[in-house]
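here are the coordinates; sequence isn't available:
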């Protein structure tokens, strides 16, 4: 076997996503046979001690405290952006201009305009790129895509998706800072729309095609929270909840909802697709199962099937254990990175690309505009 | 024991609802101890042979083929309206004017204006009345009401409800006539909005209070169907699917959807309410269960509880069997009629009254208007 | 339509089973088109006032306080035995000798020997007979039988059944008397074996054929309870729990368990059958669902199907409502009685007959013997 | 922070278990903060090319093809035995005599006598040891242990466990050789008893204490299969299915079953414990959930709770992601190894130790004896 070529990674950010991505970098070689070998070259973070501790734990060879230096390094092939949303654009554009591959956390940008600039830069540079909408690579979700592509569902009538959480119900929870930047509009851009609905939208565009128009409502249940950076009680700028109706271009109707005030749900991303012949359901709390209903079954034994997605002939699963033994959340990142390595080696795109993520951004923008204007909005084509 | 006073019933219509109501009339005395004894006096239908067969099967003493004659009879105390929606108003108003109690199938009317006329007539006559929104009296749903009234959920953030069916997907299905009047806009007024969403709205108003405004979309997937009465292919006037966003007056957000194109769902009415402290879920396919989540449980054993609503201390259940033994769909009508008899004997209203049903009608009207106008609509107060 | 012939019923016992059977007698004519018309002729019970109240509620024309008088009456066609187990034999034999049809509550007898005498008398008299093992006629269970008979499962490897309750865990619960005769060995014969496992065994013999040998263990967790009839604390003679292993004659292995000490289960009768090609699961807490797994499904969409047994092409369901609307516990008795009327009119047996129930008795006896002897026991052929 | 001391591992066997353990060695340092640092020193296997490939993939520094050489090496602290069951004893005893820590795959031995020799050797050497009964460290199972130890269940009445698979139903499947040694009695010792029931027994002894006596049945459905090593059709010596009844020393009743002929179940390990106050259920197909029923809940909201075991206050979960994000099968090994490192550093045992595993072996032996003798057998105390 010829020596595998190295792919040298510089990661920016050592928070939750820094962990999930680093784990993917370490795990891919044992479970897949990637054409490129990931090398954990450097981690970059503003706090040197934290960066060092992270580097030691995960095996990064070096650290940086200024992302510009990281981007400028000759020994880095790919930049992985795990920082808050308001920093994605600047870093991604600089990385692209430096000729680096770019892996960017979602949502792509603070808004569509910014996202367009990123896509322009990436496409001008022609570098491999991907955005970490990781749920496409839950095996059950990938299997859903396969079933749809095989035509098993027939014409689609309905698509519905929820992303329900309950962790911000307490009014005592502050906003902002390293741990809670997702509650700070300045850092996050939006609330559940960009954080949670963006996942639902990415999957929907992939599984069901383009969205034509949307009508949304948003709500901020807790109007003021102490801000961790200023220490003062400040207005909450994010949306705590967002729901929207939409029309897909294939004629199906869509219904989306996300909230952090759904008591009893920790991270319940659910989706359901109803087609002429068959339907599909999935949820993140039991991510290793796909529910499937096929009207062509004999009527007396027709019912929703609970498919335990653990067999070797199901997407990604031949790389893991044996039938009946489930995998978990972190594996979605491993799958995406394995696909990225293959795509990069073959000169092919690894979806969702920056351009794919821009389409999600366009829907998010239309959703937020619609909620603000209290009217239907067309989605800007990208 | 003193002799119970009789309540002499004249029922109009011998279709599906004629059966469910007649069964209630026959079953109440054995399982409840009603203060009034139902007497199945007469069934009225346009086809004499069918009416006779129905009367024989269910034990009605006589038949009529003209509802006006039934309403005029002195030996009838209560008129039960089980006819298509476009006939409710005329019959109900005549019955009220004749001083009869009125039990009316849902939805109340073809539109809000007509419904208002019905309420005016009923209230002017001062007769006992109820509308058969039967799902309030699924024991699990009644229990949900009890839990909310006890304050267990705290402030409500979210209400969502679906009513999903899949029986009209075939383009070969005709519209209209005795069996399929629900697909004929002239007879039904609307499609899923009045037939299915009206149930969801009635329950929601009961459990969560008034709705302030709505934004809806509707769709008719099959544009033309053969009409059973004319034999010709005609435009389909009903909505096959309807979804809407709304704001409740208590500040919570609502999301409703109904369709007859959700492959895999036969009659899946689901509802979920998320409160500050606790949440509730229920669905019609397993109507004897209530799911309940309470955040005040110890964190390590906190989870959705599947409550098997069959014990004697749960609503209505002491009248039936023993714990673990479930009841079914038809019992909801028995419960409503048992409550009606008690209320009538005590001179109290038996909700949902005509006025309660008018509030549901107001929401339905706003929903249909919103869908047509493609904009948010305020619900007219009633 | 010609006049239906009457079948005049005399019922003995007005407890829980008296109610379920009486309801069946009243409901069958509306939902089925039986060739014989049930007439509720008389109820018999030792307490005259209670018998009168029961007769009034259910519409029995007369009462008796001595079952021998009832059996002797010329205007009775069928005797329904709803009394404690220790009285079944005497009544059934007398009724058979009087030429009456006999419907007997389960278990058939106190032991195999007594049961054999009953079968002898019934078969000598040649009267229509049935034993109320009602769970065969849960539509989902009847459907299971149909699927097995169609050969869908192939060779059977495993059969397992549980019947789990939790209502006798408190040591303060007394034994004996009208309400609690099931805890009194003198009246019940055995505990969970005759009360609960007998149901599991009846279904198993029906679905999977004869049992060759068994090995059982029983336990009485609470050794003494106050007796309602004597007022004294007395030894508990029944089995609180019973589990057994067995071999079926078709080569499959069986595993059965019943207890009244399974906290969290009210009346959880579950069964599962594993065949070469397909498997089936069912439980009484969601009796309207059948779970079905078929290995011949495409591997990527293979999973347990949850079949909502409510459609018109499923056993018994065309007589009820529409797809998605479930029925409940009491309907099993209605189905059995409807079948009994048809069978009686056609001169055919209505299984489970007394002889069928004797086979269940033989297994129960072997189980209790095995538990006492602590060794494997062959089941006596019947 | 002081430098962590190294724990140098030599692993024997590079099959399925070689992968799961090696993954644990690589993953522990990133997710836990172990007091000892695992060093993947050597992998040993009879096929040099395979061993090299495995070493390269997992990062072992060297290979051996003779396990005796590995055991003799000075640069190895711990021997991990991942070979077929018939080799455990010889290797473990040699490793113990060489003063190595020993981590051994389950079941411990071919029989109780051999297991006793292993325990003697291990305890004489006084080396840290553990047996890979990994399911104790599914967080939900560990949580079950915690709930029991807190006394939440009260007196235990029932324990039941199944381990159901369906992968050997085809008569065309051969036995023996590298891939299928589990079907070869000479290599495996027994069939499902040692492979699957041993897991159930280990958990049961841990959660519910000692088993006093057992009564079992076993079956071999396919009597002959081609043997991969000889190429000839040979008698199958293993048990395809095994079920047993038992009494625990705490007075509760046990029911255990395992089979590879349960169509529809891939690796369905289920357990349920019924206590006086509360009950617990768990299954491996949804390993991240624990079901819990507490009778002390208010009666109207009492039901089985589905606890999503993903929060930071649940066993092991603070080391992983955030609430709602599930982990999978492989994590059980990571947890056990993390515990082993801590225990070894602190000089404490890491259960299940060899002695703990010997207790499981004693039950397995009693089960197999009972099945052969067709009678109850006492479990030999260990």
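Perfect, I can see it now. Since this is a predicted model, take the numbers as computed values, not measurements.

So which residues on the stretch 201-350 of chain A come close to chain C?
Counting by C-beta under 8 Å from any C-beta of the partner chain, the positions of the stretch 201-350 of chain A adjacent to chain C are A:289-292, A:294, A:297, A:299-308, A:311, A:313-314. (Each C-beta comes from the backbone N, C-alpha and C, glycine too.)

give the contact list for the residue in the stretch 101-250 of chain A that chain B sits nearest to.
When scored by C-beta to the nearest C-beta, the stretch 101-250 of chain A has residue A:157 as its residue closest to chain B, at 4.0 Å. Shown in contact with residue A:157 (C-beta atoms under 8 Å, 6 or more residues apart in numbering or on different chains): A:252-253, A:274-276, B:169, B:221, B:241, B:259, B:261-263.

if we can go back for a sec, return only those of the residues of the stretch 201-350 of chain A next to chain C found close to chain B.
residue A:304.

if we can go back for a sec, need the three-state assignment for the residue of the stretch 101-250 of chain A closest to chain B.
strand (DSSP: H, G, I helix; E, B strand; the rest coil).

measure it to chain D for me?
Computed with C-beta to the nearest C-beta, to the nearest Å, the distance linking residue A:157 and chain D is 29 Å.

Just the buried subset of the residues of the stretch 201-350 of chain A next to chain C, please.
Buried by 16 or more other C-beta atoms under 10 Å in any protein chain shown: A:289-292, A:294, A:297, A:300-308, A:311, A:314, out of these.

Pull up the gap between residue A:304 and residue A:254, please.
Remark: distance between residue A:304 and residue A:254 (C-beta to C-beta, to the nearest Å) = 21 Å.

and the residue sitting nearest the centre point of chain A, what is it in contact with?
Nearest to the mean C-alpha position of chain A, by C-alpha atoms, centre = their mean, lies residue A:133 at 2.2 Å. Contacts for residue A:133 (C-beta under 8 Å, 6+ apart) come out as A:106, A:198-199, A:202-203, A:352, A:357, A:360.

Domain map for chain A?
Listed domain ranges for chain A are A:5-134, A:137-378 (source: automatic domain parsing).

Tell me how far the first one lies from the chain's centre.
If I follow you right, that is domain A:5-134. Chain-centre distance of domain A:5-134: 15 Å, with C-alpha atoms, centre = their mean, to the nearest Å.

rewinding a little: of all the contacts of residue A:133, which comes closest to chain D?
Once C-beta to the nearest C-beta is applied, the member of the contacts of residue A:133 that ends up nearest chain D is residue A:199, at 12.8 Å.

Spit out the contact partners of the nearest residue to the closest one once chain neighbours are set aside.
Excluding the flanking residues, the one nearest residue A:199 by C-beta to C-beta, 6 or more residues apart in numbering or on different chains is residue A:135, at 5.5 Å. By C-beta under 8 Å, 6+ apart, residue A:135 lies in contact with A:141, A:199, A:202-203, A:269, A:284, A:332.

now the residues you listed as JSON lines including secondary structure?
Output for the contacts of residue A:135, formatted as JSON lines (three-state DSSP):
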{"residue": "A:141", "secondary structure": "helix"}
{"residue": "A:199", "secondary structure": "helix"}
{"residue": "A:202", "secondary structure": "helix"}
{"residue": "A:203", "secondary structure": "helix"}
{"residue": "A:269", "secondary structure": "strand"}
{"residue": "A:284", "secondary structure": "helix"}
{"residue": "A:332", "secondary structure": "helix"}
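
tell me which of the residues you listed is nearest to residue B:237?
residue A:203 (34.9 Å; C-beta to C-beta).

Against residue D:367, how distant is that closest one?
The value you get for residue A:203 to residue D:367, if C-beta to C-beta is used, is 48 Å.

between those two, who's got more neighbours?
With neighbours defined as other C-beta atoms under 10 Å in any protein chain shown, residue A:203 and residue D:367 compare such that residue D:367 has more, 30 against 24.

Can you verify my assumption that that one contacts residue D:242?
Yes. Using C-beta atoms under 8 Å, residue D:367 is in contact with residue D:242, at 6.5 Å.

Name the residues contacting each of the two.
Common contact partners of residue D:367 and residue D:242 (C-beta under 8 Å, 6+ apart): D:193, D:197, D:216.

Give me the distance from the strand or helix carrying residue A:254 to the chain's centre.
Residue A:254 is part of strand A:253-259, with elements assigned from DSSP states H and E. Taking C-alpha atoms, centre = their mean, one finds the center of strand A:253-259 at 17 Å from the center of the full chain.

Quick check: residues of chain A near chain B?
A:157-158, A:160, A:164, A:166, A:169, A:215-217, A:219, A:221, A:241, A:243-245, A:247, A:251, A:253, A:255, A:257, A:259, A:261-264, A:274-279, A:293, A:295, A:304, A:374-376.

tell me the SS of residue A:348?
Three-state call for residue A:348 (three-state DSSP): coil.

no, scratch that, I was asking about residue A:266
Under three-state DSSP, residue A:266 comes out as coil.

so it makes contact with residue A:284?
No. Counting by C-beta under 8 Å, residue A:266 sits too far from residue A:284 to count as a contact (9.1 Å).
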